[in-house]
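A.B. asks: Any chance you could fold what I've pasted below:
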Amino acid sequence: MGEPGFDTPSEVIEAAINGLEQGNTKYTRGPGSMELCQAVSDYLAKHHSVEVGAEDVVITPGAKQALLYSFMITTMPGDEAILLAPSWASYEPMLELIGAVPVNVPVRKDNFHPDLDAIRAAVTERTRMILVNSPCNPTGAVFTPAELQEIVDIAVEHDLWIVSDEIYARLVWMDYPHVSPYTLTGGSERTLIVNGWSKSWAMTGMRLGFLTGPSDAMGAAKKSQANSASHVPTFLMHAAAVALDCDDSVEEFNREYLKRREIMMGGLSEIPGLRVVEPEGAFYVFVDVTGTGMTDIEFADGALEAGVQLIPTSLITGGEGFVRISYATDEEAIYEGLRRLRAWLVD
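C.D. replies: Reported below is the predicted structural model:
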C-alpha cells in the first residue's frame, strides 16, 4: 500500500505532544501559522530551488485536499484537464466531482515517461490544465528536466495551468534530481505545487499537506480553505515545521527504501512471465503481468489467495495488464511476499 514503512520521527511526535500540552487547541491563522508557512518556503528553496514567499503557502488537511483546491482553482465545469495515464486513482474522481473532464493521455509503455506528442495532440480549446506527478504513483517514473520543460512549453503555448503533485519529491533514485515545473522557464506563473508530510516523514495519519504557487491562485486557495476546512489542527503546526528539518530521518528512510527496492526488483525479475521496469522514484514497482496469461485482476486475486496483497491497476484508466507492488514494508515482509509469489507462480 502507500504507507511508509517507518515510524514518524520522534522529534515530530514530541513536538505534537508539546503543542497539546501548551494549549495549542484554538482557532488560528487559516492558511497555517506564519512559522510553518515560512518553514515550507525555506524548505522548498533549500531542497527544490523553488522560491515562494510564506504568504503564498497554504497548509492543508493532507495533500489530497491541496489537490482538490488546485483543481477548483484551475478548472470550471466542462473544462478539460490532461492526466498522464495511468495516474493516481483519486485524480479522476476529484475532477469529476467539480464537473471538470479528465482527459487521459497514455504514457510510454517502455519507461512510463510522458508521450509529449500525445500531450500536444490532446490539447483542445477546452483544455485548462495539465497534471504532472513525478515521481509518479503508480509507475515509479521520474520525469527528466527536459521532458518537464517540454510540458511547460506546451502549457505556455496554450496558456494552461500546471498542477504538480510532488508528494514523492524526496524519493528519487536516479542520477538526475526531481525538478519542479515551477522552476523551469515559463513555469512559475502557471504552476501550482502540491506536497505534504505523509510520505517522506511517515506522517500519513496526521493529514498535513501544502499548496503553493502564484499569488492570485493562492488567494483563491485561502478562500477555499476558509470556507471548507478552516485550518489544520493548531497543535500540529509546529510539529510539521520540526519535521522539515528532520533530514537525517529522510535520508535514513531513503537508504532503506533503496535496499528494499533492490530486493524487490531482484526477486520479481526471477519470476517467469513478469516484466519489471526499474522504478526511478517513490516506493512502488509497476509490473506487467500479461506474460503470465492472466489479467491484472486475475493475477491480483491469485496473489491474494497466495497471501500477497497488491493493486490491480486496471482499476484506473490506462493501467490494464499491470499491478502495483509496494516495497515500503520491511525486508522480512518483502522476502516472504516474494517467496509466496514464487510458490504460487513457479513451484
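
A.B. asks: residue boundaries of the helices in the stretch 51-200 of the chain?
C.D. replies: 63-74, 91-97, 116-122, 145-158 (DSSP state H, counting those that start in this stretch).

A.B. asks: Ok, which of those comes nearest residue 31?
C.D. replies: Across the helices of the stretch 51-200 of the chain, residue 31 has its closest neighbour in helix 63-74 (11.0 Å, CB to CB). C-beta: built from backbone N, CA, C; applies to glycine.

A.B. asks: Identify all contacting residues around the closest one.
C.D. replies: 58, 60, 81, 90-91, 94-95, 97-98, 100, 128-129, 161, 163, 165, 167, 192, 194-196, 198, 209-211, 213, 217, 220-221, 224-225, 229 (CB atoms under 8 Å, 6 or more residues apart in numbering).

A.B. asks: Could you list the domains of the protein?
C.D. replies: 10-246, 248-345 (automatic domain parsing).

A.B. asks: Looking at those domains, spot the one closest to residue 4.
C.D. replies: Among those, domain 10-246 sits nearest to residue 4 (CB to CB), with 4.1 Å.

A.B. asks: Number of residues surrounding the spatially closest residue to residue 288 that is not a sequence neighbour?
C.D. replies: Closest residue to residue 288 apart from its sequence neighbours, by CB to CB, 6 or more residues apart in numbering: residue 275 at 3.8 Å. Residue neighbour count, defined by other CB atoms under 10 Å, stands at 15 for residue 275.

A.B. asks: As a check, name the ranges of all strands in the protein.
C.D. replies: Taking DSSP state E, the strands of the chain run over residues 57-60, 80-85, 101-106, 127-133, 161-165, 191-196, 209-212, 275-276, 284-288, 311-312, 322-326.

A.B. asks: What residues sit buried inside the fourth one?
C.D. replies: Using 16 or more other CB atoms under 10 Å as the test for burial, strand 127-133 gives 127-133.

A.B. asks: Just put the residues you listed in CSV and tack on distance to residue 75 and pLDDT.
C.D. replies: Shown next, in CSV, are the buried residues of strand 127-133 (distance: CB to CB, whole Å; pLDDT from 0 to 100):
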residue, distance to residue 75, pLDDT
127, 10, 98
128, 5, 98
129, 6, 98
130, 11, 98
131, 10, 98
132, 15, 98
133, 17, 98
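
A.B. asks: sorry, back to before: just put the domains of the chain in JSON lines and tack on distance to residue 4.
C.D. replies: Listed next are these as JSON lines, based on distance: least, CB to CB, whole Å:
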{"stretch": "domain 10-246", "distance to residue 4": "4"}
{"stretch": "domain 248-345", "distance to residue 4": "5"}
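
A.B. asks: Looking at the nearest residue to residue 113 once chain neighbours are set aside now. What's its pLDDT?
C.D. replies: Using CB to CB, 6+ apart and skipping residues adjacent in sequence, the residue nearest residue 113 is residue 141, 5.6 Å away. Looking at residue 141, its pLDDT stands at 98.
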